[in-house]
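1. A predicted structure for the sequence below; I have some questions about it.
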Amino acid sequence: MTATEMLPRRFTVTSTRRDTRDTHTLELAALDGKPLAFAPGQFTMLLAFGVGEVPISISGDPARPEVLQHTIRDVGSVSHALATAPPGAVLGVRGAFGTGWGVEDGRGGDLVLVAGGIGLAPLRPAILRAAAARDGFGRVLLLYGARSPEEILYAAEHRAWADAHGIDVQVTVDNGPHAWRGRVGLVTQLVERAEFDARNALALVCGPEVMMRHTARALVDRGVPPERVRLSMERNMECGVGLCGHCQLRELFCCLDGPVLGYDRLAPLMARAEL
């Protein structure tokens, strides 16, 4: 166990942005001036001093490690303290931890990213990595589902990803008001209709567990090899270093063996209730 794993570094909040009703994005800078290098898909343990600590996936650009970015949903006392931290506030950071998406493994083929709700935040670094090396991939698709138009994350970036980098961005919502002119339905329906070379695709999936289970099955049914379907299992993580056991999934510890894991390993585990 190293000091980096157990002792938080001090970061200051340099800017905040409200994305949706209950979701905020924070940009942080290290007080010691040292950037925090990370791979797309990794997470940090983010500490609100005097309140508590939670695992949060990094949502920033891996090409800019001097800017640590987290998109946080305000759902509890710790996440509330973090999401509402004002510029100038000091937070603690441990990490980066866990496995990454391995975006480079998709070079030469199609890259399919499927997100549900705030699950787009852990995928954003993968999108930015793919955009920076766009010529190395065939089709790049982002299939995204949100509960309502008001809860679409990074809406202002979607057009830039499409126009500047040729990423096929498709969005659907569970419930759309009369003014909504986009798709209504489940994100799995986008998977069933999307055009990509399944046998040579790498698929990255993040969202609620039930959504990931059905999406992974839909991708495999399309012909994507199970080992080429990767899911982010950010379930019940608490310590980040495999000590507490909260995130154990039979023989796996999501914080150490994941959070990104292949569907070939996860399929038999996700099918077991209460595992």
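-> Thanks, I have the structure now. Numbering: from 1, shown residues only.
2. quick one: the strands in the stretch 101-250 of the chain?
-> Remark: strands assigned in the stretch 101-250 of the chain by DSSP state E, counting those that start in this stretch are 110-116, 140-146, 168-173, 183-184, 201-206, 229-232, 248-249.
3. And the ones you listed: which comes nearest residue 258?
-> Minimum separation from residue 258 across the strands of the stretch 101-250 of the chain (CB to CB) falls at strand 229-232, 7.2 Å. Heads up, the C-betas are built off the backbone N, CA and C, glycines and all.
4. So in that sheet, which strands flank the closest one, and in what orientation?
-> Partners of strand 229-232 in the sheet, by DSSP bridges, are strand 201-206 (parallel), strand 260-262 (antiparallel).
5. Could you pick out the longest strand of the chain?
-> strand 9-20 (DSSP state E).
6. Centre of the chain to it, how far?
-> From the chain centre to the centre of strand 9-20 is a distance of 17 Å (CA atoms, centre = their mean, to the nearest Å).
7. how close does the residue of the chain positioned farthest from its centre get to residue 149?
-> Distance from the C-alpha centroid of the chain peaks at residue 178, with 30.2 Å (CA atoms, centre = their mean). According to CB to CB, to the nearest Å, residue 178 and residue 149 sit 11 Å apart.
8. again, but for residue 258
-> In terms of CB to CB, residue 258 sits 31 Å off from residue 149.
9. between those two, which one's more packed in?
-> residue 258 (26 against 17; other CB atoms under 10 Å).
10. Now do the phi/psi pair for the more buried one.
-> phi -120, psi -150 (degrees, to the nearest 10).
11. was I right about it contacting residue 252?
-> Yes. With contact defined as CB atoms under 8 Å, residue 258 reaches residue 252; the gap is 6.9 Å.
12. Just the residues contacting stretch 71-80, thanks.
-> 19, 22-26, 46, 48, 51-54, 56, 59, 82-84, 118, 121, 124, 153 (CB atoms under 8 Å, 6 or more residues apart in numbering).
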